[in-house]
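[1] when you get a sec, could you give me coordinates for this:
(2 chains)
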2 protein chains.
Amino acid sequence: MFGIAIHGGAGVISRASMTPESEAAYRRDLESALDAGYAVLARGGSGLDAVTTAVRILEDSPLFNAGRGAVFNHEGINELDASIMDGKDLQAGAVAGVRHVRNPVLLARAVMEDSPHVMLTGTGAEEFALERGVELVPRSYFFTERRWNQLERARKGDRLSAADLGYYGTVGAVARDQQGNLAAATSTGGMTNKRWGRVGDSPVIGAGNYADNRSCAVSATGSGEYFIRSVLAHEIAALIRHRGLDAATAAREAVSQSLAGIGGDGGVIVIDHAGRIAMEFNTEGMFRGARDASGRREVSIY
Amino acid sequence: MFGIAIHGGAGVISRASMTPESEAAYRRDLESALDAGYAVLARGGSGLDAVTTAVRILEDSPLFNAGRGAVFNHEGINELDASIMDGKDLQAGAVAGVRHVRNPVLLARAVMEDSPHVMLTGTGAEEFALERGVELVPRSYFFTERRWNQLERARKGDRLSAADLGYYGTVGAVARDQQGNLAAATSTGGMTNKRWGRVGDSPVIGAGNYADNRSCAVSATGSGEYFIRSVLAHEIAALIRHRGLDAATAAREAVSQSLAGIGGDGGVIVIDHAGRIAMEFNTEGMFRGARDASGRREVSIY
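    This next block holds a predicted model:
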C-alpha cells in the first residue's frame, strides 16, 4: 500500500495555546503539504518526490520552524539543517548550518544526487548550492516577527516554553510509493537562541531521518540531542529489521524506551515496508497528518 | 574483563608501500597510544579517560590523518572532526569542521561534559573552545609536507590512492573499564582535497562512533559516506542488543553485509559488554592494536 505521513513538530501544544484562527492556519498548511505529497504518489511518482514536495511546502510556510519560519540563533541569524534519504539504495544527503538556502530539503537532495558526499556544512554547502543552481535568498527572507520576538525574550533570559524555543518545530515527511520504495525527509531551523554552531538531529542520518526499504522510513522531531544519542530513527529500523516488529510497535518501543529512557521527548512518523503508518510522540501534541491508498486522510494536532 | 583497542585508519596498506623505518614509526606511535590508554584502565581509570588518552596521542602524531597529521581540504586548510561517547549514560559530544583545535577529541569531550548539546560545528565550535579553555593552535601547527604534497597532487588531478587521499586515516579507540563502562572516541582530518564543508562519519554519532554499556563501543574508519548511510556503528550495537551476537560476529556481519553491501570499505574496532575485542576490516590493512587484562597485547598493520 502506498501512503505518506508528515509532521510539523511536536511539543507542548495545548488547546489553550491555540486560537481557532491559528489552529485553522496550521491545519490548512499541513493539509496542503499532505495532499501535494499524496498526489505525487497517486500519479505513480516516487516516494522521494513525494517527501520532497511535502517538506518544501512546510518550509515555505511561515508557521513551522523550517525554511521561511525558522527560529533565530543567538546572533539573530537563521541557520537551517535538513536531510533526505532514499530507502531503495540507502542514498542520503544532508546539509547543516546554511543561512541563505530557501529550501534546505532541495539542497540536501542535490547533495545526495549530485555530489559524492552525504553531509555538507556552512558556507561550503552554500558554495555547492550556487554551483548546482539551488535557490539562495537574502537573510531577510527568513525574518518573521514571531520568531524575532522569541529570540528577544530568550536573550532577556525569559524562560521560554519548548514551543517558543522552536525546539519541537522541525518538519518532515515519510512515504512509500507504488513501487514499494520508501523515502524520508526532515528540515529544521534548530533551537531559538542556539549557539556555537549547534547542530541537532535533523541532518544526522540515523538520528532524525532514515529510510531503508527493508524496514521503514522515519522522520523525527523533538529534543534533538536525545535523538542523536539514541540514534532513534535507525533504532526503529533495527527493531523492524532484526526483531520483526511493525511500524507502530517499533515506534512505541523506541520512543518510550530508547528516547524517554534517557530523558528525551518528541515524536516520530514512520511508514514501514508494508505501508503501515505510525505517528508516535510522548509530548502533549504533534502537528501531523497521514494519507494512504486505503482512503485514510487525517490531520491532527493534539 | 577490561581492555582497549585502537585504530589509525584502514585502507590499501601493502607491505610494498612501507619501508622498515616507516613501519617502525607507525608501530611505535600505535604502541604508545595503546599502552597509555591501557595504563589508565589498569590503574582503575574510566574507559572515557582511556579512549581520550589514546586518541590524543594519535592526534599528536604526524603520521595519522587526525590532529597534527590531518590532510588538507581543497582550500589548503585542515578541517578536523571528532566525537566521543560514554556508554554508561549515552552522553556524547562531537565537533565538525574546526580549524584551530589541537586535539579535537578534547573539544568533543568538552561539548559532551560542559554543553547541553551533542554536535557543534565550525567557528561556533571554536568559540566554545575559547570559552572552555580548550587549546587552539595556529593553522601552521597542522602543516606537514607529506599532506601538502598529497593536496598538490590531488589539485593537479593526479589519481591518488586511498591512502594518499587520507580517506582511511581516521584514528579511534574503544575501551571497557574495570567498572564495566564502555567508551568510544574517533578523530579525523577527513579527505584530502575535500570541498563544500564536507563532513564524514567520524563526528556522526551512530555512524563512525558509538558506545552503549548494553551492547558495545565502536570506532570506525573508511569510506565515511557509506558508514553514515549504513549507520554502521549503531548497526553493530543493534546486532548485539537485538540479536545477541558477540563483538566479532556482529562486526563481521555489519562490515560484510551492511557496509560492503552498498559498496563501502574500511574497518571497525569493537569491544562488547563482556570485554571481547573485534577488529574487522575489508581493506588490505588497518593500523590497529588491542590490549586487555588477559595479557593480550598486539599491534598490527596488515
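
[2] switch to C-alpha atoms for all contacts and neighbour counts from now on
    Noted.

[3] the stretch 151-300 of chain A: strands as residue ranges?
    Counting by DSSP state E, counting those that start in this stretch, the segments of the stretch 151-300 of chain A that form strands are A:171-176, A:182-188, A:198-199, A:209-212, A:216-222, A:266-272, A:277-281, A:285-292, A:297-300.

[4] ok, which of the ones you listed comes nearest chain B?
    The closest of the strands of the stretch 151-300 of chain A to chain B is strand A:198-199. By C-alpha to the nearest C-alpha, the value is 4.5 Å.

[5] adjacent strands (with direction) for that closest one?
    Applying DSSP bridges, strand A:198-199 is found paired with strand B:119-121 (antiparallel).

[6] that older thread, now the strands of the stretch 151-300 of chain A as TSV including mean neighbour count and mean pLDDT?
    Formatted as TSV, those follow (neighbours: other C-alpha atoms under 10 Å in any protein chain shown; pLDDT from 0 to 100):
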stretch	mean neighbour count	mean pLDDT
strand A:171-176	36	98
strand A:182-188	37	98
strand A:198-199	26	96
strand A:209-212	34	98
strand A:216-222	34	97
strand A:266-272	31	97
strand A:277-281	24	98
strand A:285-292	24	96
strand A:297-300	16	97
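
[7] quick check: which of those strands is nearest to B:Arg153?
    For the strands of the stretch 151-300 of chain A, the distance to B:Arg153 is smallest for strand A:198-199, at 33.6 Å, taking C-alpha to C-alpha.

[8] element containing the residue lying closest to A:Val134 once chain neighbours are set aside, please.
    Leaving aside its sequence neighbours, A:Val134 sits nearest to A:Leu107 (C-alpha to C-alpha, 6 or more residues apart in numbering or on different chains; 6.3 Å). Element membership of A:Leu107, judged by DSSP states H and E, is helix A:104-114.

[9] who in chain A is up against chain B?
    With the criterion set to C-alpha under 8 Å from any C-alpha of the partner chain, chain A comes near chain B through A:89-92, A:117-128, A:195-200, A:204-206, A:225, A:228-231, A:234-235, A:238-239, A:242-243, A:262.

[10] report the buried members of these.
    A:90-92, A:117-128, A:195-200, A:204-206, A:225, A:228-231, A:234-235, A:238-239, A:262 (16 or more other C-alpha atoms under 10 Å in any protein chain shown).

[11] out of the residues you listed, list just those in helices.
    Residues of these located in helices (DSSP state H): A:122-128, A:225, A:228-229, A:234-235, A:238-239.

[12] now render those as TSV, adding pLDDT.
    Output for those, formatted as TSV (pLDDT from 0 to 100):
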residue	pLDDT
A:Gly122	96
A:Thr123	95
A:Gly124	96
A:Ala125	97
A:Glu126	97
A:Glu127	97
A:Phe128	98
A:Glu225	96
A:Ile228	98
A:Arg229	98
A:His234	98
A:Glu235	98
A:Ala238	98
A:Leu239	98
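
[13] pull the most distant pair out of those.
    Farthest apart among those by C-alpha to C-alpha are A:Glu127 and A:Leu239. That separation is 38.5 Å.

[14] span of stretch A:99-107 from start to end?
    One end of stretch A:99-107 to the other measures 12 Å (C-alpha to C-alpha, to the nearest Å).

[15] which residues sit against it?
    A:52, A:55-56, A:59-60, A:67-68, A:77-84, A:94-95, A:98, A:122, A:126, A:129, A:134-139, A:185-187 (C-alpha atoms under 8 Å, 6 or more residues apart in numbering or on different chains).

[16] mind doing that once more with 6 Å?
    A:Gly67, A:Asn78, A:Glu79, A:Ala82, A:Leu136, A:Val137, A:Pro138 (C-alpha atoms under 6 Å, 6 or more residues apart in numbering or on different chains).

[17] for the ones in helices among the buried ones among the residues of chain A next to chain B, which one is nearest B:Arg28?
    Nearest to B:Arg28 among these is A:Arg229, at 34.4 Å by C-alpha to C-alpha.

[18] ok, now which ones touch that closest one?
    A:Arg229 makes contact with B:Leu90, according to C-alpha under 6 Å, 6+ apart.

[19] what do you get for A:His242?
    With C-alpha under 6 Å, 6+ apart, A:His242 has no contacts at all.

[20] one more time with 10 Å, if that's ok
    A:Ser215, B:Ala238, B:Leu239, B:Arg241, B:His242, B:Arg243 (C-alpha atoms under 10 Å, 6 or more residues apart in numbering or on different chains).

[21] now tabulate those in TSV and tack on distance to A:Leu41.
    Below are those laid out as TSV (distance: C-alpha to C-alpha, whole Å):
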residue	distance to A:Leu41
A:Ser215	19
B:Ala238	32
B:Leu239	34
B:Arg241	36
B:His242	34
B:Arg243	35
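
[22] farthest pair in the residues you listed?
    Farthest pair in those, by C-alpha to C-alpha: A:Ser215 and B:Arg241, 17.4 Å.

[23] of these two, who's got more company?
    Ranked by neighbour count (other C-alpha atoms under 10 Å in any protein chain shown), A:Ser215 and B:Arg241 place A:Ser215 first, with 26 against 17.

[24] can I assume the more buried one is in contact with A:Arg276?
    No - the criterion here is C-alpha atoms under 10 Å, and A:Ser215 misses it with A:Arg276 at 11.0 Å.

[25] overlap in contacts of these two?
    Residues touching both A:Ser215 and A:Arg276 by C-alpha under 10 Å, 6+ apart: A:Asp246, A:Ala247.

[26] ok, so of the ones in helices among the buried ones among the residues of chain A next to chain B, who is nearest chain B?
    A:Gly124 (3.5 Å).

[27] OK, contacts around the closest one?
    Neighbouring residues of A:Gly124 by C-alpha under 10 Å, 6+ apart: A:Val95, A:Gly97, A:Val98, A:Leu130, B:Arg195, B:Trp196, B:Gly197, B:Arg198.
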